[in-house]
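Undergrad: Provide a 3D model corresponding to the input given below.
(chains A and B)
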2 protein chains.
Amino acid sequence: MFASQPAVGYHEVVIETPSHSRHLADMDADELAAVLSVYRARYNTLMAQPGVRYVSLFRNHGREAGTSQPHPHAQLIALPMVPADVERRWDVAARHHETSGRCLYCDLLAAERASGSRCVLETGGFAAVTAYAPRFPFETWILPERHEADFGRISDQELSALARVLRRVLRALRDVLGDPPHNLVFQSKPCQGPDGAEAAAGFHWHLQIAPRTTRQAGFEIGTEMAIVPVLPEQAAAELRAALKD
Amino acid sequence: MFASQPAVGYHEVVIETPSHSRHLADMDADELAAVLSVYRARYNTLMAQPGVRYVSLFRNHGREAGTSQPHPHAQLIALPMVPADVERRWDVAARHHETSGRCLYCDLLAAERASGSRCVLETGGFAAVTAYAPRFPFETWILPERHEADFGRISDQELSALARVLRRVLRALRDVLGDPPHNLVFQSKPCQGPDGAEAAAGFHWHLQIAPRTTRQAGFEIGTEMAIVPVLPEQAAAELRAALKD
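TA: Coordinates of the predicted model:
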């Protein structure tokens, strides 16, 4: 029904430590910053490859989160197209920017700060909040305060600050949920393309943490709605109470 | 950010047999037809409730498919709104109907028959085909040949024929994949609503069978793309070879 397309793409695995069972949350902040700098380097390299339209950067922890290899690692998958879901999120942000002149995610950060009920942590230019409409219990987003669509443009100083925030959030999640299976998902901009350049003002990269303590069943498959038995306000309160330095 | 809405809805569990470990595939066709007739009865009752806009009818088998109670059962969840994903599928079908004058799913059936490579079984007015763009390995759809948007309008005779086809497909899946965890998902029309009535000509109910031998990991969560390591043509060939009467 569709014309076949030439298969262009890359799949890379970032092995994060020689230690087979080291938890990301147990790395010190400098070690974690060094890991994040490798993510950035490989992300930028793949984004610059001819034919690549989008790079998915993610990390799986635990069998229920899809891990097949237990040794700590992240993955990058570079695609020859922009996934429909990324395009949808991009379009929503672009529409918000067109009508309001503001970035949707900057507005989200301002609204979360004003409410406070879903705020977990805010320090060093990054904020961690539980998702307003989560797909997973305790789903938590880390957003840079600086408006930037492209994760690849994160500075060394920001990498350091992100490492500190990520480490504290991961430790709190582990304390509250008991080493839950989880995914880290970087949401960043598609490559510059015919329609990518103008809309960048509306997007804002962020890191999604998805604990996987629930399972997609028939209802979720049939409706793409999520059943989440924990309110994000409750999740944020538990995470705040578990935070350590 | 959103105004709160009154919570209207129903959740029913259909206990299908007194036997705690009876597999749907082990029921004889008459027993299975009786189970399906209960689905129809409860589906129609819930669709007629005030405030209900959509009824999700599904069945989970096995822990990886989200089953929390092992005793054989199906579920109906009646919602006060049409899920966005149902609306999207509905819109695609309505658009196809507007531009071609034909039903998208009748066209799909014709195309699958012409190709044959994804056909598993066709008998008694129902066709089973592996999904052209599957989300799960061995994802299989059962479609009635009679154009009908509403599962609730299935006749007694059709229920009998559906039971026969479903039973054979489930047994083939079990033989090929070894009692895989799976979901059954009925895709049927939303209730009559302000915009529901006119578009019904474009929709066509069907039953999706989703084996759950893979897991959603970070790539899938970040892109909503599915990694499916088995071609649907290969899956159909294996299921055809495993079919029994």
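Undergrad: dump the residue contacts of A:Ala127.
TA: Counting by CB atoms under 8 Å, 6 or more residues apart in numbering or on different chains, A:Ala127 touches A:109, A:112-113, A:119, A:121, A:142-143, A:145. Where C-beta positions appear, they are placed from N, C-alpha and C, glycine not excepted.
Undergrad: recalculate using a threshold of 6 Å.
TA: Residues counted as contacts of A:Ala127 (CB atoms under 6 Å, 6 or more residues apart in numbering or on different chains) are A:109, A:143.
Undergrad: same question, A:Arg146
TA: A:Arg146 neighbours (CB under 6 Å, 6+ apart): none.
Undergrad: how about A:Ser56?
TA: Counting by CB under 6 Å, 6+ apart, A:Ser56 has contacts A:77, B:219, B:222-223.
Undergrad: beta partners for it?
TA: Applying DSSP bridges to A:Ser56 gives these bridge partners: A:Ile77.
Undergrad: ok, it to A:Gln208 distance?
TA: Counting by CB to CB, to the nearest Å, the separation of A:Ser56 from A:Gln208 is 12 Å.
Undergrad: next, the buried residues of stretch A:64-82.
TA: For stretch A:64-82, a neighbour-count test (16 or more other CB atoms under 10 Å in any protein chain shown) marks A:64-67, A:72-79, A:81-82 as buried.
Undergrad: show residues contacting it.
TA: By CB under 6 Å, 6+ apart, stretch A:64-82 touches A:8-17, A:20, A:22, A:42, A:46, A:51-60, A:181-183, A:190, A:212, B:215, B:217, B:219.
Undergrad: so where's the longest helix in chain A?
TA: helix A:156-177 (DSSP state H).
Undergrad: and it, what does it pack against?
TA: Counting contacts by 3 or more CB pairs under 6 Å, 6 or more residues apart in numbering or on different chains; DSSP states H and E, helix A:156-177 is packed against helix A:29-47, strand A:126-130, helix A:232-242.
Undergrad: hmm, the last one touching chain B?
TA: No - Helix A:232-242 does not reach chain B (CB under 6 Å from any CB of the partner chain); its nearest approach is 12.1 Å.
Undergrad: can you show me the CA trace of that helix as PDB?
TA: Extracted in PDB, the C-alpha atoms of helix A:232-242 (Å, rounded to 0.1, in the frame of the first residue of the first chain):
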ATOM      1  CA  PRO A 232       0.600  13.400  40.400                       C
ATOM      2  CA  GLU A 233       0.300  15.800  43.400                       C
ATOM      3  CA  GLN A 234       0.500  12.800  45.700                       C
ATOM      4  CA  ALA A 235       3.600  11.400  43.800                       C
ATOM      5  CA  ALA A 236       5.300  14.800  44.000                       C
ATOM      6  CA  ALA A 237       4.700  15.100  47.800                       C
ATOM      7  CA  GLU A 238       6.200  11.600  48.300                       C
ATOM      8  CA  LEU A 239       9.200  12.400  46.100                       C
ATOM      9  CA  ARG A 240       9.800  15.700  47.900                       C
ATOM     10  CA  ALA A 241       9.700  14.000  51.200                       C
ATOM     11  CA  ALA A 242      12.300  11.400  50.000                       C
END
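Undergrad: average pLDDT for it?
TA: Taken as a whole, helix A:232-242 has a mean pLDDT of 98.
Undergrad: heading C-terminal from the helix or strand bottoming out on mean pLDDT in chain A, find the next helix or strand.
TA: Here the helix or strand of chain A ranked lowest by mean pLDDT, DSSP states H and E is helix A:196-199, holding a mean of 50. The helix or strand immediately downstream of helix A:196-199 is strand A:206-211, counting by DSSP states H and E.
Undergrad: now that next one against helix A:29-47, angle please.
TA: For strand A:206-211 against helix A:29-47, the angle by axes from the mean of the first three to the mean of the last three CA atoms, to 10 degrees is 110 degrees.
Undergrad: chain center to strand A:206-211: distance?
TA: 4 Å (CA atoms, centre = their mean, to the nearest Å).
Undergrad: repeat that for stretch A:130-142.
TA: That offset, for stretch A:130-142, works out to 11 Å (CA atoms, centre = their mean).
Undergrad: same check, this time on stretch A:127-139
TA: Taking mean C-alpha positions (CA atoms, centre = their mean), stretch A:127-139 and its chain are 11 Å apart.
Undergrad: how deep is A:Pro50 tucked in, by neighbour count?
TA: Around A:Pro50 there are 6 other residues, counting by other CB atoms under 10 Å in any protein chain shown.
Undergrad: let me fix that, I meant to ask about A:Arg215.
TA: So A:Arg215, with other CB under 10 Å, has 19 neighbours.
Undergrad: how about the contacts made by it?
TA: Counting by CB under 6 Å, 6+ apart, A:Arg215 touches B:Gly66.
Undergrad: residue numbers of chain A in contact with chain B?
TA: Residues of chain A lying near chain B (CB under 6 Å from any CB): A:56, A:58-60, A:66, A:77, A:83, A:85, A:183, A:185, A:210, A:215, A:217-219, A:221-225.
Undergrad: and the gap between A:His23 and B:Thr123?
TA: Counting by CB to CB, the gap from A:His23 to B:Thr123 is 54 Å.
Undergrad: neighbour count winner among those two?
TA: Higher neighbour count among A:His23 and B:Thr123: A:His23, with 14 against 11, using other CB under 10 Å.
Undergrad: gap between that one and A:Ala74?
TA: A:His23 is 14 Å from A:Ala74, by CB to CB.
Undergrad: re the thing from before, could I have the ChimeraX command that selects the buried members from the contacts of A:Ser56?
TA: Those of the contacts of A:Ser56 that count as buried under 16+ other CB under 10 Å are selected in ChimeraX with:
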select /A:77 /B:219,222,223
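Undergrad: what is the most widely separated pair among the contacts of A:Ser56?
TA: A:Ile77 and B:Gly222 (9.2 Å; CB to CB).
Undergrad: I'd guessed A:Phe186 sits against A:Leu57; true?
TA: Yes - A:Phe186 lies in contact with A:Leu57 (CB atoms under 6 Å); the separation is 4.2 Å.
Undergrad: more neighbours, these two?
TA: With neighbours defined as other CB under 10 Å, A:Phe186 and A:Leu57 compare such that A:Leu57 has more, 28 against 23.
Undergrad: so what's the more buried one up against?
TA: A:39, A:43, A:76, A:186.
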